[in-house]
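*Asks:* Got a sequence here, can you model it:
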Amino acid sequence: MFRLILFLFISVLLFSCNYPGEGSLGGWALITFPIKKDEFKLAVDSLRNSDFENEIPERLQYDSEYWKGDTAGAMEGEVLYIKKDHEEMYFFSYIPMEEDQSKMSTMIALRSVFRDGTWYRKANLDTTVQKRVSKRFYEEIIAKLELITNTKSKSENETYEQNDHEDLRNKSDFDLIVNLGENTEGKKKLSIKGKVDSIAAILMHGKFDVSSVHELEKICAHSDDLTMQSFTAIVEELFYSHMASFTDYYLSNPKSCLNGKLKQSMEEYMSVYTPVERIKKRAEKEKRILKKAEQQHLTPKQLAYLHTLLNSIK
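*Replies:* The predicted structure follows:
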């Protein structure tokens, strides 16, 4: 009997801590959509599939699955990835609505944001960052889900989260329009980034093309610009999409700039972890890469390149 009471007490304690609200471990404002959960989930899938840049990169797959283990099945939720400007992932959970017996509404709450290699709950961020995260979650996710579902969500009033939100429902698309005025240097940098994205999209969803890779090599020398911070991540994602072909290319071109950026991307990912955590992360990353190599039937020579690359990561 004592064991049963103790088990129930711990279960309630763990479950209650996983829901947002005043005094809990996390959670921004509660947001309600006037549609069924199944319809809302279809909208989330539609948002994911609307742009290839919404796909969670291979190098972040392990981190994106963190909440599956962390919540011990107590929460049902979604992880969405935003690449534009500053790469982040957002985890939001579905909140049970006991008063909605008809199940015609869906309530969610942003629970955590993944930035710079770490998941952060609201309580771990200062007010300024909380506000920025909330604003971006609204503009990049909530507003777009409103467009897809043709509905208007309702949110509990949290002053610093709500006042700066702009109603984006009347916008015809999701593109950010940048007015550079006479800043021709800015236009040049923007066009280079646009060219990288275009080449990456062709390679990611098509066949390996050496001429496209050579175009990226030309751009690679200028990729240390602030506007090109995502370049190393793009190089790594392209490597996973055509691992065998890129491996052969790098073996034939050992001084390739892209090869250097591939290593740099992996090292940047590891750099945010402590030395102890890095050992675990390296092992996990190596396991995923070698599994993909096995699926793509890499030759012993190609596998040797992979092992040399992985062993060189600091």
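*Asks:* got the domain boundaries for this protein?
*Replies:* Domain ranges of the chain: 20-162, 184-311, per automatic domain parsing.
*Asks:* Save those as a markdown table, and put in mean neighbour count too.
*Replies:* Where C-beta positions appear, they are placed from N, C-alpha and C, glycine not excepted. What follows is the domains of the chain, written out as a markdown table (neighbours: other CB atoms under 10 Å):
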| stretch | mean neighbour count |
| --- | --- |
| domain 20-162 | 16 |
| domain 184-311 | 15 |
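*Asks:* I'd like the ones you listed written out as JSON lines, with mean pLDDT added.
*Replies:* JSON lines is the format used below for these (pLDDT from 0 to 100):
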{"stretch": "domain 20-162", "mean pLDDT": "79"}
{"stretch": "domain 184-311", "mean pLDDT": "82"}
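*Asks:* so Leu203 makes contact with His214?
*Replies:* No - the pair Leu203 / His214 is not scored as a contact, 11.8 Å apart, by CB atoms under 8 Å.
*Asks:* Nearest spatial neighbour of Glu204, chain-adjacent residues omitted?
*Replies:* Wrong residue type there; residue 204 is Met, not Glu. Distances taken as CB to CB, 6 or more residues apart in numbering place Ser241 nearest to Met204, at 5.1 Å, with adjacent residues excluded.
*Asks:* can you check Asn259 too?
*Replies:* Tyr250 is the one closest to Asn259 (CB to CB, 6+ apart), at 4.5 Å.
*Asks:* The one you found: which element?
*Replies:* Using DSSP states H and E, Tyr250 sits in helix 243-252.
*Asks:* Who are the packing partners of that helix?
*Replies:* Packing partners of helix 243-252 (3 or more CB pairs under 8 Å, 6 or more residues apart in numbering; DSSP states H and E): helix 210-220, helix 257-271, helix 300-311.
*Asks:* residue ranges for the helices of the stretch 51-200 of the chain, please.
*Replies:* If DSSP state H, counting those that start in this stretch is used as the criterion, the helices of the stretch 51-200 of the chain fall at 61-64, 66-70, 127-137, 143-149, 159-162, 184-204.
*Asks:* For the ones you listed, give me CSV that also has distance to Thr274.
*Replies:* Output for the helices of the stretch 51-200 of the chain, formatted as CSV (distance: least, CB to CB, whole Å):
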stretch, distance to Thr274
helix 61-64, 15
helix 66-70, 16
helix 127-137, 22
helix 143-149, 36
helix 159-162, 32
helix 184-204, 32
